[in-house]
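J.: when you get a sec, could you give me coordinates for this:
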Amino acid sequence: MSVTTAGLEVRSGSRGVRDIVEVVSSMRFSISLLTIICVASVLGTVVKQHEAYNNYVNQFGPFWAQVFDTVGLYTVYSAWWFLLILAFLVLSTSLCIARNTPKIIADLRTLKEGLREQSLGAFHHKAQGEVAEGLEATRSRLTALLASGGWKVKAEVRRDGDLHRGTMIAARKGGANKVGYISAHSAIVLICLGGLSDGDLVVRAEMALQGKSVYPGTGLFSDVGPRHRLSVSTPTYRANLLVAEGSRSGTAVINMQDGVVLQELPFDVELKKFIVDFYASGMPKLFASEIIIHDHETGQAIPATVKVNEPAVHRGVTIYQSSFDDGGSSVTLRASPLAGGKPFDIEGQVGASSAVALPGASAGSKLMLEVTGLRVINVENLGAAGAGATSTDPRKVDLVGSLQQHLGSGAKSTTVKELRNVGPSVSYKLRDASGQAREFNNYMLPVELDGQRVFLAGVRDTPAENFRYLRIPADGDDSTATWLTLRQALADPALREQAVRSYVARAAPADKPQLAEQLLGTARRGLALFAGAEPPTSGTPATGGLQSVGDFVEANVPEAERGRIADVLLRIINGSLFELLNLARAQDGKPRLEPDDKTQAFMTQSVLSLSDSYLYPAPALLELADYKQVQASVFQVARAPGKTAVYLGAGLLIVGVFAMLYIRERRLWIWLQPQHAGTRVTTALSTTRRTLDADAEFERLKQAIFTKESA
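T.: This next block holds a predicted model:
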């Protein structure tokens with residue numbers, strides 16, 4: 001019996017219904033559905049699932065983001081069309097099994113001993129000869145021979161009245177090949193049923209039965225009403241549970257396409273301690289949570305340890321270690337106004353927001369400070385920056401970007417890798433009154449790049465961008481105080497005027513007062529341009545930094561002279577800034593800096609940092625001054641009764657595939673006819689696949705049949 005690809009033929013009903021049943025129950029329909037599911041699964045892997053819609057807009061653009069959202073590519077595995085395809089696959093495969101299983105069972109029960117002897121000549125593997133034994137002796141020998149070789153044997157004596165025409169011996173081996181068909185197709189049904197029972201379909205059905213709805217907003221659990229909460233009797237779900245150290249929770253979150261639903265658990269999970277260990281590359285090596293499960297019904301407290309791939313199970317709910325997060329760490333941010341003013345401290349908490357008034361912001365307006373993250377360990381590859389890199393342009397500083405250069409080819413890179421923990425960092429957002437926010441990421445400790453110790457202050461406008469880092473040179477005390485002093489002094493017109501006069505007094509010859517007057521005007525104009533106090537040309541805004549100086553030179557100097565004039569003007573600005581810094585230090589009671597190599601390197605980096613600071617989109621620099629870390633563990637809690645069906649289906653699939661691929665069904669017929677001097681033997685072998693192994697096996701059988709040797 002060969003398994004057909006045709007569908008189930010219904011003899012009653014209309015022609016359209018019969019055609020639909022035939023198509024749905026056909027194997028070609030099942031294979032088509034399975035192919036579509038495989039393609040959809042690839043899309044669900046490539047496109048990140050359950051991300052914020054704004055992320056998809058940034059990635060694909062408004063038009064395609066809307067198109068992909070309409071077809072459900074952001075929630076492929078819970079999309080209606082995906083579940084519908086799964087349901088039809090279950091139906092189609094079940095009909096295939098129902099159609100072919102009776103035929104397979106009937107075929108396994110018979111050895112086809114009724115095959116006509118004339119038909120043996122039509123087989124590919126066939127042989128004919130005579131043996132010197134009598135018919136009964138030959139039959140007994142061959143029956144015992146085949147039975148000892150694992151063949152299932154049956155003999156049929158054929159007569160024409162009283163005349164003995166001969167004996168047909170039928171044998172079969174490898175019948176498990178057809179059992180593999182039933183096993184593999186049953187596995188597909190079980191796996192799909194298990195997936196459907198453990199998916200969003202059951203949760204949505206439970207919501208409809210209980211009159212629940214999705215909660216589209218945000219906020220605290222206490223703000224979510226009972227009609228957005230599922231009871232503990234929900235038969236299946238997969239939700240996330242975040243528990244901070246020292247706290248407990250019994251309410252998990254089920255993420256839906258249009259919001260969330262809260263799932264009440266039959267117990268509370270208390271996190272005693274979260275343990276995380278890292279590799280040298282900075283990747284996490286171990287997640288472990290020491291928890292206590294507080295049962296609601298019995299009040300029993302059960303200690304447990306949850307690790308990755310080592311979950312805990314209680315009342316049919318499995319607790320998996322999914323990830324870790326911040327549990328509400330407290331941070332102290334030192335706010336240093338860039339335009340002048342005393343620094344002050346801001347207390348914040350990760351995940352919380354507060355209104356702050358930063359000097360230099362719009363009059364009467366406050367910015368919302370949202371502390372989004374605290375990372376105590378930051379392992380970065382500083383080899384590329386330190387080995388052979390000569391540029392000190394702060395706009396090229398991107399720690400993440402240095403790693404992205406190695407993506408793509410698997411060839412060994414010659415770039416030096418230097419993994420180093422650069423210390424804690426804090427991420428925060430500053431949101432204005434219109435709701436627009438920029439994200440900042442500042443490191444607490446200085447990092448040595450290009451031979452210079454610098455503080456990194458990152459900013460990006462959207463989550464789709466990489467951070468752009470401003471390099472702020474560290475002074476002798478490993479702080480930003482000296483640079484901030486110079487930055488604030490630039491905003492003081494009186495101090496700038498003193499610095500210019502001090503520079504001219506040191507740089508201009510005493511016997512050339514006219515030259516000193518010209519140098520004074522140039523230095524005054526150059527420093528004002530750099531400080532953003534004057535526009536580079538009439539009718540343009542005052543921006544500040546090297547860009548403003550460059551615009552001035554381009555607008556007022558002939559092209560042939562621009563290089564020389566720009567070089568002279570930069571030397572004057574550098575000298576004026578050095579005098580400005582010393583004047584500001586004198587006001588603070590600090591000694592004058594010596595013009596040595598160390599000071600020169602500091603001033604070179606300071607000029608670049610000051611220039612880019614005028615593009616820094618915040619009126620103050622917020623530095624991480626202190627923190628108290630509170631870690632949290634992210635668990636995935638799942639009640640999945642369908643996993644038993646999935647595991648059973650996986651086992652059946654392995655058995656079925658191996659049976660169909662590695663077990664060959666063979667049928668052997670031997671026709672014995674009595675002769676005057678012995679027995680005439682005609683034999684033929686049928687196999688599901690013609691292979692070299694089948695040829696070799698038939699040769700061994702022929703030798704055993706005709707020479708009385710073992711098979």
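
J.: could I get the full set of helices for the stretch 151-300 of the chain?
T.: For the stretch 151-300 of the chain, helices defined by DSSP state H, counting those that start in this stretch occupy the ranges 176-197, 200-210.

J.: and the helices in the stretch 401-550 of the chain?
T.: Counting by DSSP H, counting those that start in this stretch, the stretch 401-550 of the chain has helices at residues 481-490, 493-507, 513-531, 545-556.

J.: if we can go back for a sec, how about the helices of the stretch 151-300 of the chain, which one is nearest residue 665?
T.: Residue 665 lies closest to helix 176-197 among the helices of the stretch 151-300 of the chain, at 4.3 Å (C-beta to C-beta). Yep, even glycine has a C-beta here, placed from its N, CA and C like the rest.

J.: helix 200-210 and the closest one, what's the angle between them?
T.: Put simply, helix 176-197 runs at 40 degrees to helix 200-210, going by axes from the mean of the first three to the mean of the last three C-alpha atoms, to 10 degrees.

J.: helices or strands up against helix 176-197?
T.: Helices and strands touching helix 176-197, by 3 or more C-beta pairs under 8 Å, 6 or more residues apart in numbering; DSSP states H and E, are helix 80-109, helix 643-662.

J.: state the mean pLDDT of the longest one.
T.: Per-region confidence: helix 80-109 scores 87 on mean pLDDT.

J.: tell me how many other residues crowd the nearest residue to residue 92 once chain neighbours are set aside.
T.: Once flanking residues are discounted, residue 92 sits nearest to residue 30: 4.4 Å by C-beta to C-beta, 6 or more residues apart in numbering. For residue 30, the neighbour count with other C-beta atoms under 10 Å is 24.

J.: and the gap between residue 30 and residue 490?
T.: Separation of residue 30 from residue 490 (C-beta to C-beta, to the nearest Å): 74 Å.

J.: what does residue 248 give?
T.: In this view, residue 248 and residue 490 are 53 Å apart by C-beta to C-beta.

J.: the two: which is more packed in?
T.: When residue 248 and residue 490 are compared for neighbours, residue 490 comes out ahead with 27 against 16, by other C-beta under 10 Å.

J.: what's the closest non-adjacent residue to the more buried one?
T.: For residue 490, the closest residue by C-beta to C-beta, 6+ apart turns out to be residue 531, at 4.4 Å.

J.: picking that back up, as a markdown table, the helices and strands packed on helix 176-197 with mean neighbour count would be great.
T.: Converted to a markdown table, those look like this (neighbours: other C-beta atoms under 10 Å):
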| stretch | mean neighbour count |
| --- | --- |
| helix 80-109 | 17 |
| helix 643-662 | 16 |
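
J.: for those helices, give me TSV that also has distance to residue 569.
T.: Converted to TSV, those look like this (distance: least, C-beta to C-beta, whole Å):
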stretch	distance to residue 569
helix 80-109	65
helix 643-662	73
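
J.: related to what we said a few turns ago, weakest of the helices of the stretch 151-300 of the chain by average pLDDT?
T.: helix 200-210 (a mean of 84).

J.: and the contacts of it?
T.: Contact with helix 200-210 is made by 77-78, 83, 196, 212-214, 230-231, 234-237, 254, 256, 261, as judged by C-beta atoms under 8 Å, 6 or more residues apart in numbering.

J.: now do the contacts for residue 374.
T.: Contact analysis of residue 374 by C-beta under 8 Å, 6+ apart lists 326, 329, 331, 350, 424, 425, 426, 427, 627, 629.

J.: and the third one, how far is that from residue 626?
T.: Applying C-beta to C-beta, one obtains 7 Å for the distance of residue 331 from residue 626.

J.: those two: who's more crowded?
T.: Per other C-beta under 10 Å, whichever of residue 331 and residue 626 has more neighbours is residue 331, with 23 against 13.

J.: looking at this, that one is in a strand?
T.: Yes. Per DSSP: H, G, I helix; E, B strand; the rest coil, residue 331 lies within a strand segment.

J.: can you pull up the bridge partners for it?
T.: residue 348, residue 627 (DSSP bridges).

J.: that one reaches residue 373, doesn't it?
T.: No. The pair residue 331 and residue 373 does not pass the contact test of C-beta atoms under 8 Å, sitting 9.9 Å apart.

J.: shared neighbours of the two, anything?
T.: Common neighbours of residue 331 and residue 373, using C-beta under 8 Å, 6+ apart, are 350, 426.

J.: picking up where we left off before, sitting in strands, which of the contacts of helix 200-210 do you find?
T.: Counting by DSSP state E, the part of the contacts of helix 200-210 found in strands is 230, 237, 254, 256, 261.

J.: let me have these in TSV, extended by neighbour count, pLDDT and distance to residue 379.
T.: Output for those, formatted as TSV (neighbours: other C-beta atoms under 10 Å; pLDDT from 0 to 100; distance: C-beta to C-beta, whole Å):
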residue	neighbour count	pLDDT	distance to residue 379
230	19	91	41
237	22	89	36
254	20	90	34
256	18	79	36
261	24	91	38
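
J.: what segments of the stretch 1-150 of the chain are strands?
T.: 125-131 (DSSP state E, counting those that start in this stretch).

J.: so where's it shaky on pLDDT?
T.: Low-confidence regions of the stretch 1-150 of the chain, defined by pLDDT under 70, span residues 1-16.

J.: and the stretch 301-450 of the chain, by the same measure?
T.: In the stretch 301-450 of the chain, residues with pLDDT under 70: 360-365, 381-419.

J.: at 90 instead, please
T.: 308-309, 322-328, 338-342, 351-367, 375-423, 431-436, 448-450 (pLDDT under 90).

J.: and for the stretch 551-700 of the chain?
T.: Ranges of the stretch 551-700 of the chain meeting pLDDT under 90: 555-557, 559-560, 562-563, 588, 594-597, 631, 640-646, 659-665, 674-678, 687-694.
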